[in-house]
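Novice: what's the 3D shape of this:
(chains A and B)
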Amino acid sequence: MTRRREFLRLGGLALGGAAFAAARLAGQQQVPLSGQGEAGALRDPGSAGRPQERMTAIDNDAFVTAVEHRLQCTCGCTLDIYTCRTTDFTCTYSPALHKDVLALKQEGKTADEIVAAFVAKYGEKILMAPKPEGFNIAGYVVPGSLILLVGAAMFLILRRRTRVRAAAAAGAGSVALSPAPAQEVVATAGSGPVASPDELERLNRELRELDE
Amino acid sequence: MTLLGQFALWTALLVGAWAAVVGFSGRWHGRPELALTVTRAVYALWAVLLVAAACLWQGLITHDFNIEYVASYTSRNLPSYYIVSAFWAGQKGSLLFWAVVLSTFASLAQWLTPARYRTLMPYVAAVTSSVVMFFVTVMLFASNPFQRLPFTPPDGNGLNPQLQNIGMVIHPPMLYLGYISITIPFAFAIAALLARRVDAGWIVAMRKWTIMSWLFLSIGITLGMWWAYVELGWGGYWAWDPVENASLLPWLTMSAFLHSVMIQEKRGMLKRWNMSLIIGSFLLSIFGTFITRSGVIASVHSFTQSNVGYFFLAFLTGTAILSFTLLHTRWDRLEADVQLESMMSREAAFLFNNLLFVGIAFSVLWGTLFPILSEAVRGTKISVGPPFFNKVNVPLGLLLLALTGIGPLIAWRKASTANLKRQFTWPVVTGLVVLAACLVGRMSNFYATVALSLAGFTVGTLFQEFARGTTARQRMYSESLPLAFGRLVARNRRRYGGYIVHLGMLIYFVAFAGYAFKTEMEATLKPGDSATLRSPFGHTYTFTHVGVSQFEQLNRVVTQASVQVSKDGKMIGVINSEKRQHFSEPAPGVRQKSFEPSTEVGIKSNLEEDLYIVFAGSVDGSEEAVYRFTINPLVLWVWIGGVVLLVGGLITMWPGGTIGPGTSRRTQAGYEVQLAGAGSK
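Specialist: Prediction:
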C-alpha cells in the first residue's frame, strides 16, 4: 500500500504542477515600445522581400485584428486577412483589405458593420465562417444533431436488447460472479464455495483472454 | 533511362493485371502452382516499379532537364537531399512513389503473413495489385513522370522554397506511408469477404498492419503540423485546410477501427461494423488523394490541377460500389457471436467512442464539402474556415477526450455500481482538482478549461491503471517499482502501449488548449529599438532589434534579421528570422531569381511557451525591420505528445508480449467476468 500511496502522491504533484501552469495562463497583455536607432541600408533590398510600411499602434489594435480574423483574404490563400498580411508578405491583397478595415473603423463603424460592408462588397465568401442563418444553419447543426440522434437510437436499442437478454438470463438461472473486481474474486474464491477449481481455472483463462 | 522507366511502367501494368485477374478469378483454388504465380507476380510488380523509381531518381540526380518532371521541381544548385525528396514533391513523382511503396507493402504482406492464412493471400494479392495498377494507369495515361520536353532547358525551375525544409523531406512520405498502408488491411478485409472466412482470422492477420498504418498517419499528420508551424510562418500548426482535413479523415476512422476491432477479437461482435470501417478508411484515403489532386476544393496544399481527379473519382466510386456490394452479399455471415450484455460495459463505451470518432470524421467531411453543397443548393459561394470547424468539432473532441478517460474504467461485459464507484473516484477527483485550479486562476477560455479538466480526469484514469497493475505485480512477485512497471507494460504491450498512446493524445489536447492563449503583436524597429510582450504565463519578453545582415548560402541570398531577447529582464539569447531569395544558375556566372522571397521563422521553445518571430521585411531597403512577435503557449507539448504517441504505438506493435499459459496475471482491476455458460462464446 505504501507504494500505491507513493504513486498517488507523485500523481498529485504532477497534476498540481499542471494545474499551476494552467492557472498561470490566465492574464495577458501586450506593450509595444519604439525608439529611434540608426538604420543602415541593405546591400540587396530586392532580396529582402516586398518593402514594408511602418507599423502603427492601430495595426495592433485588438478591434482591428478581431475583425480581420473574421474576414478571408481575397488572394485565394484561404487565410484570414490578419494572418495573410502578417504571413504572406508577397500578398498585395491583404494589406489593401487591412487599409479598408482601418478606413471603416475610422468612420466609426462597429465590427459587425465593417463585416457587413465587406460582405456587401465581396459576397459571403469573404467570411471565414458562414453566418449561422438560413441553409448555413445546416452546416453547423447537422453533424452534432446526427451524432445525438444516432447516439440516442443506439442507447435505446441497446438498452432494450440488454434488458431482454438480462431477463432471459435471469429466467435461465445463469450463474454470475459477484460484482467485485476479478482480483478480489480470485483471492476470496479459495475460502468459500463461490467457484470450483475448474471454474476458477476457466475464470483465469477468460481473464487472460480478455486482457490480451 | 526514361525509356526504361516507361517500359517498367507498362510491364507493371501487365504484371499487375495478371495478379489481379488470377487472384480474383479464384482459379488458383486447388492449384498451388497458380497461387504461387500470383504471389510471385506481386514480387515482380515490386521489382519493375523499383526499376521505374530508379530511372526517375537517376534523372533527378543527373539533372536531366529534358524530363519535364525534373525540370519542374529541381535545379542544378538544389541541395542533394532535396533532389532526393523532389521525387515526391510533384504530382507525377508522388504517384510513382505511391505505387512503389504500395507494391513494397504488398510484397511484405505476402512474405510476412503466416502460412495459415494462405487461402486469403491470392485475394490479398489481387486487391493490392489492382490498386497498384490503378496508380500505374494514372501515370501512363494522365500524369507520366517520364514525359519528355521538346527541348532541354539549361536549368530547372527549382523546388518551391517552402518545400526546402527537412519537414517536407519526412512529412509527405510518412503521410503517404499511412495512406498507402491502409490498402493492406483493406485487402485482407476484401479477401476475407471473398473467401467467406469472416471469423477473427483476417483481423489477426492484419492487426499490425492496421496499427502501423495508423501510426504512420499519426506521425505524418504531426510532422505536417510541425512543418506548417516552422515553415509557413503564420504562427499555428493546424488550419483546417481541406488537405489537412483529408489526412484526418482516415486517421479518425482507423482510430475507431482500432478500438472496435478489440470487441470483435474478444467478443465476436461488430463484425459488419469493422468491415465497413476498414472499407471506409481505404476509401477516405483515396478521397484525400482525390481532394489534393483534383482541385475540386481550394487549398494551399493542392497539387497543380489536372485531369487525374477524374481517374480518382472513378476509382473511388467503383471501389465503393464493389466493396459495399461484396459486403452486402456476405452480410448474414457477419452476424455477431454474442450480444451486448449491459449498457454499463466497456463494449458499450467503445460503441459510443466509435460513434464519436466516426461522427467527428463525418463532421470534418461535412465542413470540407459544405462550400460545394452550399453553392449547389443556394448558388452562393461561401468559405468554411477554422472558426466553423472549431465551433463544430471542439465540443466533439472534448467528448472524445472524456471517453478516453471513461473507457478503461468500465469493466468488460458488465460493471456494477460498486465497481464504477471504485474505478471513477480518483480520476474524477483529479479532474475536479484541475478544474478548481483553472477556476481559481480565472482561466477565461471555456473550452480550454474543460479540456484541461478532462485531461486531468484522463490522467487520473491512466495513472490509476498503471498504478494498480504495478502495485499488484509488486505484491505478487515482490518486484521493485521500476521492474514491476516495466514488466507490466512488457507483458501486455497492446493494452499498456495503448494507454501510452492515450497519454500522447491527451498531451495533444492540453497543447491545443494552450493555443487558445496565443499572444501576438507587430512592431517596426530600428537597430537598438525594443518591443515588449507579456506572455500568457506572466513573463515579460523584451525584443531588441540588433540589425539586418545579408549573405549567400547554398542556393539563396539570405536577409537575416536578428533580435536579442530578454525574459523578465534576463537575457536569454538571440533569435534570427530570415527572408530567403532563391536563385537558379542556368549557366556559369548567370544567376536568376526563382520564386518569391520566402520567410524563415525564428523560434525559441521551452516547455511553457514558444517565442515565434517573423521578419516581415525591411522599411525603405534599410535595416529598419517589421516584425511579428508571437508567443504560443505549450506548443512544444504538441511534439512531445507526438513522441509519446509514437512510443506507445511502437510498444503496441512490438512482437511478443502475449501472456503464456504459465504466466500469472490474474490481477485485472476493473474486470468482471461471468462463469460458465452465461452467454459467453
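
Novice: which helix is the longest one in chain A?
Specialist: helix A:136-172 (DSSP state H).

Novice: So what does residue B:165 look like in phi/psi?
Specialist: Main-chain dihedrals, residue B:165, degrees, to the nearest 10: phi -150, psi 140.

Novice: List the residues that contact it.
Specialist: Shown in contact with residue B:165 (CB atoms under 8 Å, 6 or more residues apart in numbering or on different chains): B:227, B:230, B:231. Placement of C-beta: from N, CA and C, glycine included.

Novice: Tabulate those residues (a markdown table), appending distance to residue A:111 and pLDDT.
Specialist: Output for the contacts of residue B:165, formatted as a markdown table (distance: CB to CB, whole Å; pLDDT from 0 to 100):
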| residue | distance to residue A:111 | pLDDT |
| --- | --- | --- |
| B:227 | 34 | 89 |
| B:230 | 32 | 91 |
| B:231 | 32 | 86 |
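
Novice: follow-up on the earlier one: is chain B contacted by the longest helix of chain A?
Specialist: Yes: counting by CB under 8 Å from any CB of the partner chain, chain B has neighbours in helix A:136-172: A:136, A:139-140, A:142-144, A:146-147, A:150-151, A:154-155, A:158-159, A:161-162, A:165-166, A:169.

Novice: taking the contacts of residue B:165 one by one, which sit in helices?
Specialist: residue B:227.

Novice: I'd like to know which of the contacts of residue B:165 is nearest to chain A.
Specialist: For these, the minimum distance to chain A (CB to the nearest CB) is 11.0 Å, reached by residue B:231.

Novice: so residue B:626, which of the three states?
Specialist: Secondary structure, DSSP: H, G, I helix; E, B strand; the rest coil: residue B:626 is strand.

Novice: just checking, it touches residue A:51?
Specialist: No: Residue B:626 sits out of contact with residue A:51 when judged by CB atoms under 8 Å, with a separation of 9.5 Å.

Novice: ok, and the closest non-adjacent residue to residue B:652?
Specialist: residue B:497 (3.3 Å; CB to CB, 6 or more residues apart in numbering or on different chains).

Novice: What's the local residue count around residue B:322?
Specialist: Neighbour count for residue B:322, taken as other CB atoms under 10 Å in any protein chain shown: 13.

Novice: Could you do residue A:111 as well?
Specialist: 15.

Novice: okay but it is in contact with residue A:63, surely?
Specialist: Yes: counting by CB under 8 Å, residue A:63 is a contact partner of residue A:111 at 6.7 Å.

Novice: How about the secondary structure of the residue of the stretch 1-150 of chain B at minimum distance from chain A?
Specialist: Going by CB to the nearest CB, chain A is nearest to residue B:77 of the stretch 1-150 of chain B, at 15.5 Å. Classification of residue B:77 using three-state DSSP returns coil.

Novice: Now do the nearest residue to it once chain neighbours are set aside against chain A, distance only.
Specialist: In space, and not counting its chain neighbours, residue B:77 is closest to residue B:555: 4.0 Å by CB to CB, 6+ apart. Going from residue B:555 to chain A by CB to the nearest CB, to the nearest Å gives 13 Å.

Novice: residue contacts, residue B:555?
Specialist: Contacts of residue B:555 by CB under 8 Å, 6+ apart are B:75, B:77, B:78, B:79, B:158, B:582, B:583, B:584.

Novice: circling back to that earlier point, give me the helices and strands touching the longest helix of chain A, please.
Specialist: helix B:346-378, helix B:386-406 (3 or more CB pairs under 8 Å, 6 or more residues apart in numbering or on different chains; DSSP states H and E).

Novice: Could you give the average pLDDT over it?
Specialist: Helix A:136-172 comes out with an average pLDDT of 89.

Novice: Check stretch B:450-470 too.
Specialist: 95.

Novice: I'd like the next helix or strand past the helix or strand that contains residue B:260.
Specialist: Assigned by DSSP states H and E, residue B:260 falls within helix B:242-267. Using DSSP H and E, the helix or strand that follows helix B:242-267 towards the C-terminus is helix B:271-294.

Novice: Strands of chain A, start to end?
Specialist: A:30-31 (DSSP state E).

Novice: pLDDT below threshold where in it?
Specialist: Chain A contains residues with pLDDT under 70 at A:1-39, A:172-212.

Novice: Mind doing that once more with 90?
Specialist: Residues of chain A that meet the criterion pLDDT under 90 lie in A:1-60, A:75-79, A:85-92, A:158-212.

Novice: How is it partitioned into domains?
Specialist: A:54-126, A:179-212 (automatic domain parsing).

Novice: pLDDT at residue B:163, what is it?
Specialist: On the pLDDT scale, residue B:163 gets 82.

Novice: Identify the residue nearest it in space, chain neighbours excluded?
Specialist: Among residues not flanking residue B:163 along the chain, residue B:89 sits closest, at 5.5 Å (CB to CB, 6+ apart).

Novice: What does that neighbour show for phi and psi?
Specialist: Per-residue torsions, residue B:89: phi -80, psi -30 (degrees, to the nearest 10).

Novice: And for residue B:201?
Specialist: phi -60, psi -50.

Novice: same deal with residue B:601?
Specialist: Taking degrees, to the nearest 10 as the convention, residue B:601 sits at phi -80, psi 150.

Novice: Pull the contacting residues for the closest residue to it other than its chain neighbours.
Specialist: Distances taken as CB to CB, 6+ apart put residue B:233 closest to residue B:601, at 5.0 Å, once the chain neighbours are dropped. Going by CB under 8 Å, 6+ apart, residue B:233 touches A:87, B:599, B:601, B:614.

Novice: redo that, cut-off 10 Å
Specialist: A:83, A:86-89, B:162, B:577, B:598-601, B:612-616, B:628, B:630 (CB atoms under 10 Å, 6 or more residues apart in numbering or on different chains).

Novice: again, but for residue B:6
Specialist: Residue B:6 makes contact with B:52, B:55, B:139, B:140, B:144, B:145, B:146, B:147, B:148, according to CB under 10 Å, 6+ apart.

Novice: same thing with residue A:136?
Specialist: Contacts of residue A:136 by CB under 10 Å, 6+ apart are A:124, A:127, A:129, A:130, B:370, B:374, B:378, B:380, B:382, B:384, B:388.

Novice: how close does the fourth one sit to residue B:528?
Specialist: As judged by CB to CB, to the nearest Å, residue A:130 and residue B:528 stand 47 Å apart.
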